[in-house]
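**Student:** show me the folded form of this:
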Amino acid sequence: MSQEENYWKSSHLSRRRLLTLAGATGAGAALLACGGQRPKQGGSAPSGGQTASGPPQPGGTFVWFRNKNDILDPQRVSSSDQQSVAGVYSRIFAFKTGLNPEAAADHDIEPDLGLSAESPDAVTWTIKLRPDAKFHNVAPVNGHPLEAEDVKATFVRAIDSANPNRGSLDFIDPAQIQAPDKSTVVFKLKYPYAPFRRTLASPTYSWIFPREALAGSYDPRKVAIGSGPFTFESYTPDVAGSYKKNPEYYVKGRPYVDGMKLAIIPDPSQQLAQFTGGNVDEIGATQSQSYSAFDVDPIQRANPKAQVVKSRYSIPNHIMFQLGDPKSPFLDIRVRQAFSMAIDRDVIGKSVWGGQYETIVHVPGYMGKWSMRIQDLDPKLQQQYKYNPAEAKKLLEAAGATNLQLKLTWANNFGTPQFTKAAETIGNFLSAVGVKNTLDVVDFNTVYIAGGKGLKNGFYPPETVLLIAQAPYNDADEFIYNFFDSKSTNGNEKLNDPALDSMIDKQRTIVNEDDRLKACLDIQRYLAEKMYGVSTVGTYNWAFVSPRVQNYQWTSGTGRPMETYSKLWLKG
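**Tutor:** Here you go, the predicted structure:
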């Protein structure tokens with residue numbers, strides 16, 4: 001029996017049940033500490049912030065969990081899988097965090113491997129790298145310095161056909177990436193892209209690999225070699241992963257812990273049991289994980305000394321339509337409007353999310369100022385989001401769509417009990433206005449992703465509609481472009497709206513942040529007007545953290561092991 005298996009056997013769990021510990025820190029689990037106060041109910045605003053008690057105390061092992069096995073290569077997976085190796089790699093920039101969870105909301109950046117990224121026109125970007133970073137001392141890389149050629153190789157590999165996230169990097173021309181010296185990388189983009197610095201900070205796209213990965217000298221699916229705060233030691237599927245402190249990490253003094261354990265625990269009851277028993281250091285309550293707002297009270301009752309925080313998450317959980325097929329009934333805006341008016345969002349918010357919910361147009365609430373709530377729309381436009389089944393029936397009749405029969409489809413990795421309940425409730429609302437529907441759960445990797453040819457990329461018939469949970473992107477443009485621009489390879493809807501494309505293209509050229517913010521909000525108003533995707537209801541995040549954890553700085557993205565775990569220390 002291996003050392004990993006012995007470790008988890010000591011927790012009196014079977015190998016399969018133990019896997020659960022690895023999931024609640026998924027893409028958006030807001031796991032932060034704020035002094036143990038009880039979360040308020042009733043949809044109150046995010047609150048809470050942790051204090052760091054005294055100077056950092058080095059040592060100890062931080063334990064977290066995922067609810068499934070992950071693919072270790074972050075350029076070969078979509079969504080939250082990147083978390084398993086997020087502490088191993090580094091990026092050009094990172095997102096700022098703080099003891100208050102709101103510090104991460106607006107996704108402001110700070111240096112990581114990069115000292116600066118400058119551009120005169122949003123097309124040509126010159127990145128200066130720090131001189132003291134090097135990769136882990138693992139063959140065949142053997143601890144060589146991280147240089148411009150490694151950054152170039154990373155992004156050449158990132159846009160190959162095997163990367164499901166490549167559609168968000170279509171502005172990069174691999175032939176126009178230059179490394180004039182060891183500390184300088186120059187990107188000449190295909191077109192202006194003002195948010196490029198945030199792309200370089202994105203844990204979805206921009207973990208920096210050694211050049212040996214592009215050369216095929218080793219398999220990143222089996223071993224992770226980066227320059228981050230933790231070295232990758234082992235990963236045993238269905239059991240756990242192990243990581244040690246990188247003694248040569250370029251941020252001196254960090255990480256404070258000696259290492260991390262990542263447990264794989266699918267069963268929610270065992271997740272809670274292991275947190276309550278002190279075997280893991282955090283557990284999350286959010287719509288994308290095993291617990292929802294509805295389960296906050298039981299977690300708190302079982303762990304009265306746990307540090308807890310509530311923060312905005314609020315993914316809108318869209319219904320998306322096939323808009324690229326001339327036979328699709330959803331090309332008629334009246335049908336899309338009818339779907340929106342058929343849904344009682346307040347009922348979903350109360351019955352599924354325990355009254356803890358927000359209604360968002362498109363960009364999720366965890367994007368802070370870049371996110372638009374439905375109540376921020378013009379009052380007339382808000383009417384399209386109000387429950388009005390009588391008007392929905394009239395719209396369907398006027399559009400000649402009174403006999404619709406469809407599949408309401410979602411991927412199984414969205415399939416938490418709350419997500420499933422939300423889908424069932426939506427299906428009932430559609431049935432009530434005459435839309436016959438069946439619920440259809442498909443496999444995330446083989447059907448939803450399918451190597452870029454799945455439902456995620458718009459390959460489905462008109463009689464299928466998707467209920468989606470958005471990926472953890474880091475800039476408003478990523479949400480807007482990926483889902484709705486005709487040039488995107490990730491578009492769920494195969495939409496082709498030249499006016500919208502023009503608006504998206506223009507905001508990508510705006511270097512001034514305030515002006516680009518206004519442009520992104522205007523695009524969301526346009527999306528609401530056209531009802532390109534019917535947003536439903538999203539909830540908040542709660543996090544519960546062991547009292548021994550100090551300086552826990554929450555972040556909403558998949559970069560948590562680097563941005564959060566490398567900064568915390570353990571008390572006692």
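**Student:** all helices of the stretch 101-250 of the chain, in order?
**Tutor:** Along the stretch 101-250 of the chain, the stretches classed as helices by DSSP state H, counting those that start in this stretch are 148-158, 196-201, 211-215.
**Student:** next one: the stretch 451-572 of the chain
**Tutor:** Counting by DSSP H, counting those that start in this stretch, one finds helices in the stretch 451-572 of the chain at the ranges 476-484, 498-507, 513-530, 560.
**Student:** and of these, who's closest to residue 120?
**Tutor:** Smallest distance to residue 120 across those (CB to CB): 16.8 Å, for helix 513-530. Yep, even glycine has a C-beta here, placed from its N, CA and C like the rest.
**Student:** which helices and strands does the closest one pack with?
**Tutor:** Based on contacts counted as 3 or more CB pairs under 8 Å, 6 or more residues apart in numbering; DSSP states H and E, the elements that helix 513-530 packs against are helix 379-382, helix 476-484, helix 498-507.
**Student:** got a list of what the nearest residue to residue 447 once chain neighbours are set aside touches?
**Tutor:** Nearest residue to residue 447 in three dimensions, chain neighbours excluded: residue 454, at 5.7 Å (CB to CB, 6 or more residues apart in numbering). The contact partners of residue 454, by CB atoms under 8 Å, 6 or more residues apart in numbering, come to 446-448.
**Student:** and for residue 537?
**Tutor:** Residue 537 makes contacts with 316-317, 345, 348-349, 352-353, 357-359, 422, as judged by CB under 8 Å, 6+ apart.
**Student:** phi, psi for it please.
**Tutor:** Residue 537 adopts backbone torsions of phi -140, psi 140, taken as degrees, to the nearest 10.
**Student:** got the domain boundaries for the chain?
**Tutor:** Split into domains by automatic domain parsing, the chain comes to 37-311+541-570, 319-530.
**Student:** kindly reformat these as JSON lines containing mean pLDDT.
**Tutor:** Compiled in JSON lines, the domains of the chain are given as follows (pLDDT from 0 to 100):
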{"stretch": "domain 37-311+541-570", "mean pLDDT": "89"}
{"stretch": "domain 319-530", "mean pLDDT": "94"}
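**Student:** what about stretch 56-74, start to end distance?
**Tutor:** 31 Å (CA to CA, to the nearest Å).
**Student:** and that stretch, which residues are buried?
**Tutor:** Buried residues in stretch 56-74, counting neighbours by 16 or more other CB atoms under 10 Å, are found at 56-57, 60-74.
**Student:** doesn't residue 340 fall inside a helix?
**Tutor:** Yes. Applying DSSP: H, G, I helix; E, B strand; the rest coil, one finds residue 340 inside a helix.
**Student:** what about it, distance to residue 371?
**Tutor:** Here residue 340 is placed at a distance of 19 Å from residue 371 (CB to CB, to the nearest Å).
**Student:** show me what contacts residue 371?
**Tutor:** With contacts defined as CB under 8 Å, 6+ apart, residue 371 is in contact with 312, 314, 360, 363-365, 476.
**Student:** let's see that with 10 Å instead.
**Tutor:** Residues counted as contacts of residue 371 (CB atoms under 10 Å, 6 or more residues apart in numbering) are 105, 312, 314, 316, 358, 360-365, 476, 479, 520-521, 524.
**Student:** and what of residue 243?
**Tutor:** Under the criterion of CB under 10 Å, 6+ apart, the neighbours of residue 243 are 61-62, 84-85, 87-88, 224, 228-235, 255, 257-262, 561, 565.
**Student:** in PyMOL, select just the buried ones from those residues.
**Tutor:** Only the buried members of those enter the following PyMOL selection, criterion being 16+ other CB under 10 Å:
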select buried, resi 61+62+84+85+87+88+224+228+229+230+231+232+235+255+257+259+260+261+262+561+565
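**Student:** would you list the buried entries among the contacts of residue 371?
**Tutor:** If we count by 16+ other CB under 10 Å, the contacts of residue 371 have these buried: 105, 312, 314, 316, 358, 360-365, 476, 479, 520-521, 524.
**Student:** in stretch 173-189, which residues are buried?
**Tutor:** 177, 179, 183, 185, 187, 189.
**Student:** circling back to that earlier point, ranking the helices and strands packed on helix 513-530 by burial, who's on top?
**Tutor:** With neighbours taken as mean count of other CB atoms under 10 Å, those reach their highest mean count in helix 476-484, at a mean of 25.
**Student:** quick one: list the elements packing against that one.
**Tutor:** Packing contacts for helix 476-484, counted by 3 or more CB pairs under 10 Å, 6 or more residues apart in numbering; DSSP states H and E, involve helix 196-201, helix 498-507, helix 513-530.
**Student:** with just CA atoms, put the helix or strand hosting residue 426 into CSV.
**Tutor:** In the assignment (DSSP states H and E), residue 426 maps to helix 417-432. The C-alpha coordinates for helix 417-432 follow below in CSV (Å, rounded to 0.1, in the frame of the first residue of the first chain):
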residue,chain,number,x,y,z
PRO,A,417,-28.4,18.4,-6.7
GLN,A,418,-29.1,22.1,-6.8
PHE,A,419,-28.3,22.5,-10.5
THR,A,420,-30.4,19.5,-11.3
LYS,A,421,-33.3,20.9,-9.2
ALA,A,422,-33.0,24.2,-11.1
ALA,A,423,-33.2,22.3,-14.4
GLU,A,424,-36.2,20.4,-13.3
THR,A,425,-37.9,23.6,-12.2
ILE,A,426,-37.1,25.4,-15.5
GLY,A,427,-38.5,22.4,-17.4
ASN,A,428,-41.7,22.6,-15.4
PHE,A,429,-42.1,26.4,-16.2
LEU,A,430,-41.5,25.7,-19.9
SER,A,431,-44.1,22.9,-19.8
ALA,A,432,-46.6,25.3,-18.3
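**Student:** could you tell me the angle between the next helix or strand after it and helix 417-432?
**Tutor:** Remark: after helix 417-432, the chain's next helix or strand is strand 436-442, criterion DSSP H and E. Relative orientation of strand 436-442 with respect to helix 417-432: 160 degrees, computed using axes from the mean of the first three to the mean of the last three CA atoms, to 10 degrees.
**Student:** of the contacts of residue 371, which is the nearest to residue 213?
**Tutor:** Where the contacts of residue 371 are concerned, and distances follow CB to CB, residue 213 has its nearest neighbour in residue 479, at 28.3 Å.
**Student:** grab the nearest non-local neighbour of the closest one.
**Tutor:** Counting by CB to CB, 6+ apart, residue 363 is the residue found nearest to residue 479 once chain neighbours are left out, at 4.8 Å.
**Student:** how many residues are close by residue 570?
**Tutor:** When counting by other CB atoms under 10 Å, one arrives at 20 neighbours for residue 570.
**Student:** my guess is it contacts residue 546, does it?
**Tutor:** Yes. A contact is recorded between residue 570 and residue 546 when judged using CB atoms under 10 Å, the distance being 8.4 Å.
**Student:** find the residues that touch each one of the two.
**Tutor:** If you check residue 570 and residue 546 against CB under 10 Å, 6+ apart, the residues they both contact are 62, 281.
**Student:** burial count for residue 378?
**Tutor:** Applying other CB under 10 Å, we find 10 other residues in the vicinity of residue 378.
**Student:** would you confirm that residue 147 contacts residue 133?
**Tutor:** Yes. In this structure residue 147 lies within contact range of residue 133 using CB under 10 Å: 9.0 Å.
**Student:** for residue 72, give me the backbone phi and psi.
**Tutor:** The phi and psi values for residue 72, taken as degrees, to the nearest 10, are phi -80, psi -20.
**Student:** report the buried residues of stretch 325-343.
**Tutor:** Going by neighbour count (16+ other CB under 10 Å), the buried part of stretch 325-343 is 325, 328-332, 334-343.
**Student:** ok, now stretch 299-318?
**Tutor:** The neighbour-count check on stretch 299-318 (16+ other CB under 10 Å) flags 299-300, 303, 306-318 as buried.
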